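Enquirer: Test case, fold it:
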Amino acid sequence: MRRARRPSSGPVAIASSPWIVVLAGVVVMVVLLIVALGAYRGRSPAPDAGSPPPALPLPQEPPVPSGEPTPTPTGSSTAALLPGLSPRASGVPSSGPAVSRAPTAGATPTRAPTRVPQAPAVSGRYRVVQSFDGGFIGEVLIVNASGVRRGWTVRFEFSAGGRLVTTWVEGVPQGTVRQFDGGFTYVSGVDVPPGGSAALRFHLERASVTPRGCTVDGVRCSGF
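Expert: Numbers count the residues shown, from 1 in each chain. This next block holds a predicted model:
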């Protein structure tokens with residue numbers, strides 16, 4: 001028997017194995033890339049990352065005319081600091097302690113205005129007109145200190161066991177009387193003119209001449 005011929009390992013082997021061609025192309029591209037990177041680094045070397053940046057040129061001071069002394073800061077032996085190149089830390093200065101200033105000599109201190117208590121618009125004054133056995137006649141004089149006509153209300157409280165007989169205002173229409181246990185209220189029947197007055201009189205029995213309470217429009221009466 002005759003042996004079959006083995007295929008040659010030349011172009012036929014390469015054609016039957018295409019991955020060999022691909023691998024050879026990749027190797028060639030890697031070699032070309034390495035050669036290109038080496039040429040680029042040799043042309044412009046990258047600066048060292050740890051080297052400091054180049055220093056900026058310092059601004060120059062204007063020349064001083066001859067014959068004039070150079071200004072020097074008073075009380076300081078160091079040279080003037082250049083703007084923008086001062087070694088001091090920048091930022092907002094820390095707030096120091098508040099400094100209290102002494103008042104200027106001769107200055108008048110400002111005072112808050114003092115409120116003067118105003119007199120009530122309508123006030124009352126109590127007095128005993130006449131006293132007799134078993135009772136007395138009292139009076140509350142109402143005075144209008146305002147600039148307008150004013151009505152008024154009297155509240156009178158007498159001692160326990162007392163009794164109100166009657167009330168009246170002479171020469172004017174009468175008002176309204178309301179009694180309660182131990183006292184009464186009287187609402188005026190006519191207003192008092194500005195600066196005028198009106199006298200409310202009342203007859204009490206079995207009561208002390210010193211009342212327990214007397215007010216005109218809520219303001220305490222005087223005279224007791």
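
Enquirer: quick one: average pLDDT of the longest helix along the chain?
Expert: The single longest helix within the chain, with elements called by DSSP state H, is helix 18-43. On average, the pLDDT along helix 18-43 is 80.

Enquirer: Check which residues of the helix or strand that it is followed by are buried.
Expert: Next in sequence after helix 18-43, counting helices and strands by DSSP states H and E, comes strand 122-132. Within strand 122-132, the residues scored as buried using 16 or more other CB atoms under 10 Å are 122-126. To be clear about C-beta, it is placed using only N, CA and C from the backbone, and glycine gets the same treatment.

Enquirer: Could you do stretch 158-168 as well?
Expert: 158, 162, 164, 167.

Enquirer: start to end distance for stretch 203-217?
Expert: Start-to-end span of stretch 203-217 (CA to CA, to the nearest Å) is 21 Å.

Enquirer: on that earlier part again, wait, which of the buried residues of strand 122-132 is closest to Gly183?
Expert: Tyr126 (13.3 Å; CB to CB).

Enquirer: for the closest one, which residues make a bridge with it?
Expert: Val140 (DSSP bridges).

Enquirer: Would you agree Thr210 is in contact with Gly223?
Expert: No: with contact defined as CB atoms under 8 Å, Thr210 does not reach Gly223; the gap is 10.3 Å.

Enquirer: farthest pair in the buried residues of stretch 158-168?
Expert: Gly162 and Thr167, at 13.6 Å, using CB to CB across the buried residues of stretch 158-168.

Enquirer: tally of neighbours for the nearest residue to Gly134 once chain neighbours are set aside?
Expert: Distances taken as CB to CB, 6 or more residues apart in numbering put Glu205 closest to Gly134, at 5.7 Å, once the chain neighbours are dropped. Residues lying near Glu205 (other CB atoms under 10 Å) number 14.

Enquirer: And Glu205, how close does it get to Val148?
Expert: Relative to Val148, Glu205 is positioned 38 Å away (CB to CB, to the nearest Å).

Enquirer: Repeat that for Ser123.
Expert: For Ser123 relative to Val148 (CB to CB), the value is 15 Å.

Enquirer: For this protein, give me the ranges with low pLDDT.
Expert: 1-17, 42-110, 112-119 (pLDDT under 70).

Enquirer: and with 50 instead?
Expert: Low-confidence segments of the chain (pLDDT under 50): 1, 75-79, 81, 85-86, 89.

Enquirer: give the contact list for Thr185.
Expert: Shown in contact with Thr185 (CB atoms under 8 Å, 6 or more residues apart in numbering): 153-156, 177-178.

Enquirer: which stretch of helix or strand covers it?
Expert: strand 183-187.

Enquirer: Pull out the buried positions in that strand.
Expert: So strand 183-187, judged by 16+ other CB under 10 Å, has buried residues 183-186.

Enquirer: export these to CSV and tack on distance to Ile34?
Expert: CSV is the format used below for the buried residues of strand 183-187 (distance: CB to CB, whole Å):
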residue, distance to Ile34
Gly183, 121
Phe184, 123
Thr185, 118
Tyr186, 122
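
Enquirer: just these now: which is nearest Cys214?
Expert: Gly183 (9.3 Å).

Enquirer: any idea how far Val154 is from the closest one?
Expert: 10 Å.

Enquirer: Which residues does stretch 190-198 contact?
Expert: With CB under 8 Å, 6+ apart as the criterion, stretch 190-198 contacts 122, 141-152, 169, 172-173, 175, 188.

Enquirer: Mark which of those residues are buried, thanks.
Expert: Burial by neighbour count, judged by 16+ other CB under 10 Å, picks out 122, 141-144, 150, 152, 169, 175, 188 from those.

Enquirer: All set now, cheers.
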